[in-house]
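Engineer: How does the following fold in three dimensions:
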Amino acid sequence: MSDSINLDEILLNIQNIQESGTINIALLKYHHRKQEENFAITLPGNLNSDFLSDILTSLESFCCDKTSHPFDPVGKSEDDTYEYINLSNIQDQWSYIKELIVDAETYKEKSELAPSASLSITKLSIEGSSFTYHLGKQQTPTEKLLKRNRVLMSSNDKLEDKSNNKVFLFCCDVDFIVQEDKDGNGYVFILDRKNFCKIFNYDEEMKAQAKANVKKIDSWEFLSSPDLIYDKINQKNVYHRLAKIFSDPIYLEQIEKTSPADLKKNLLERSDGKFGGSDFDGNQIKLTNKNLDKVMKMIAKGFRYNFFANKAEES
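Structural biologist: Next up is the predicted model:
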């Protein structure tokens, strides 16, 4: 899977993109609460060539020798990978961001808004590509930095105060990339997990997904009772893992088709002693406060092994 879902179209064509690629940059104030304060403004294009060069350099440096891997919100971020999820996971928020950009005003009209921007979206068009790429970066609102500071510049042996609403900072690093086709389908590549989760409030998104789909666990015959999962649904180690499971329909089907006896056999033989007889009531797993985290980790393939399909996961 990771061989085909990746950023190779960009990473393998850096020089060509730098010569023929085009970008449009929007600065946004994007908060989940007080949405009435959100806005988008488009930046003028006079520095686009410089921005494109810096962005591609940052991207190439970060992704050098890395491979793509499915996003694992409950696992550790690996140094040799960048992650991806289906765009459908953040589709509502992404549609809202695009609406803000469509209605964006120009920098000339609203330059005073730039210092309060918290997000940049750089639209990258590549000649001959069937995808449009949007490169996102959490920006630091300059108004916060200047709250107790002044920007002073030397001019003819005098100091000029440049601490006004036309001064702002812009970082060319990349936190996430949306790869989207003409029908609005695609993937989100996550380069900075912490910033991605903050921008899209993804923790709350996972909790909502887990609660919306939690009834699916009623059909999991390998559990003697799902009650403890319901009781602990607000714990991060529970809803994070449920959200991960529910986002994978193929894996859900494997869970449904695996008999309790087969799962027990796989766990006893393949878990390196992590599961023993005390974890079971007959062929079913007996959930307790003591083993809940272990069981949830197992179901979410946190041991890098799919005990339902009885095979190791890709590392």
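Engineer: Chain neighbours aside, what residue packs nearest to Gly45?
Structural biologist: Of all residues not flanking Gly45 in the chain, Asn24 sits nearest, at 7.5 Å (C-beta to C-beta, 6 or more residues apart in numbering). Any C-beta I mention is one placed from the backbone N, CA and C, and that applies to glycine too.
Engineer: Spell out the secondary structure type for Tyr133.
Structural biologist: strand (DSSP: H, G, I helix; E, B strand; the rest coil).
Engineer: these two touch, right, it and Val174?
Structural biologist: No. Using C-beta atoms under 8 Å, Tyr133 is not in contact with Val174; the gap is 10.1 Å.
Engineer: What is the least confident helix or strand in the chain by mean pLDDT packed up against?
Structural biologist: One helix or strand of the chain scores below all others by mean pLDDT, DSSP states H and E: helix 142-145, with a mean of 81. Helices and strands touching helix 142-145, by 3 or more C-beta pairs under 8 Å, 6 or more residues apart in numbering; DSSP states H and E: there are none.
Engineer: gap between it and the chain center?
Structural biologist: Distance of helix 142-145 from its chain centroid, counting by C-alpha atoms, centre = their mean, to the nearest Å, is 26 Å.
Engineer: Tell me the strands beside the next helix-or-strand element following that helix, with direction?
Structural biologist: The helix or strand immediately downstream of helix 142-145 is strand 152-155, counting by DSSP states H and E. Sheet pairing of strand 152-155 (DSSP bridges) gives strand 158-161 (antiparallel).
Engineer: Can you pull out the residues in contact with the partner strand?
Structural biologist: Strand 158-161 is contacted by residues 150-154 when judged by C-beta atoms under 8 Å, 6 or more residues apart in numbering.
Engineer: Now flag whichever of those residues is closest to Gly282.
Structural biologist: Taking C-beta to C-beta as the measure, Gly282 lies nearest Val151 of the contacts of strand 158-161, at 70.8 Å.
Engineer: How much space separates that closest one from Lys137?
Structural biologist: Distance of Val151 to Lys137, computed by C-beta to C-beta, to the nearest Å: 22 Å.
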